[in-house]
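1. sequence? don't have it. structure:
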């Protein structure tokens, strides 16, 4: 399954979740429910997945924690805020580079309309 195929499933699941529960809950709630929904759809999901970084040839296990990694290919960062700011997309791009992944989704469940709250961030992914 490609990154784009996985992303379509994630976006569909986020849309259905947002429709059912609405905006304004804690990010942790959206994380557990989205992970459950993606697993129900047959995807491999890791929550709060630790991602090591390498700096100066030294591996540090304390790199960062990805909210969700799907099928070991797509990083999903979740927010529940009024508005996403550009630095949050840059942060996800950095996560993708450090984790050697090609696609990330920044999903803001705080948006009134979920389609306005989903951003694709790519790191060398061929469309």
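-> Looks like it arrived, so ask away. All values derive from a computational prediction rather than experimental measurement.

2. which residues of this protein fall in strands?
-> 45-55, 58-70, 74-79, 103-108, 118-122 (DSSP state E).

3. Could I get these in TSV, plus columns for distance to residue 4 and mean neighbour count?
-> Quick note: C-beta positions are derived from backbone N, CA and C, even for glycine. Shown next, in TSV, are those (distance: least, C-beta to C-beta, whole Å; neighbours: other C-beta atoms under 10 Å):
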stretch	distance to residue 4	mean neighbour count
strand 45-55	18	14
strand 58-70	12	15
strand 74-79	9	24
strand 103-108	7	24
strand 118-122	9	18
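
4. of all those strands, which lies closest to residue 36?
-> Among the strands of the chain, the nearest to residue 36 by C-beta to C-beta is strand 45-55 (8.5 Å).

5. Can you tell me what sits against stretch 60-73?
-> Contacts to stretch 60-73, defined as C-beta atoms under 8 Å, 6 or more residues apart in numbering, come from residues 1, 3, 6, 10, 27, 31, 34-35, 38, 43-54, 75-78, 95, 98-99, 101-103.

6. thinking again about what came up before, could the strands of the chain go into CSV alongside distance to residue 17 and mean pLDDT?
-> Output for those, formatted as CSV (distance: least, C-beta to C-beta, whole Å; pLDDT from 0 to 100):
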stretch, distance to residue 17, mean pLDDT
strand 45-55, 14, 91
strand 58-70, 13, 90
strand 74-79, 11, 97
strand 103-108, 9, 97
strand 118-122, 12, 96
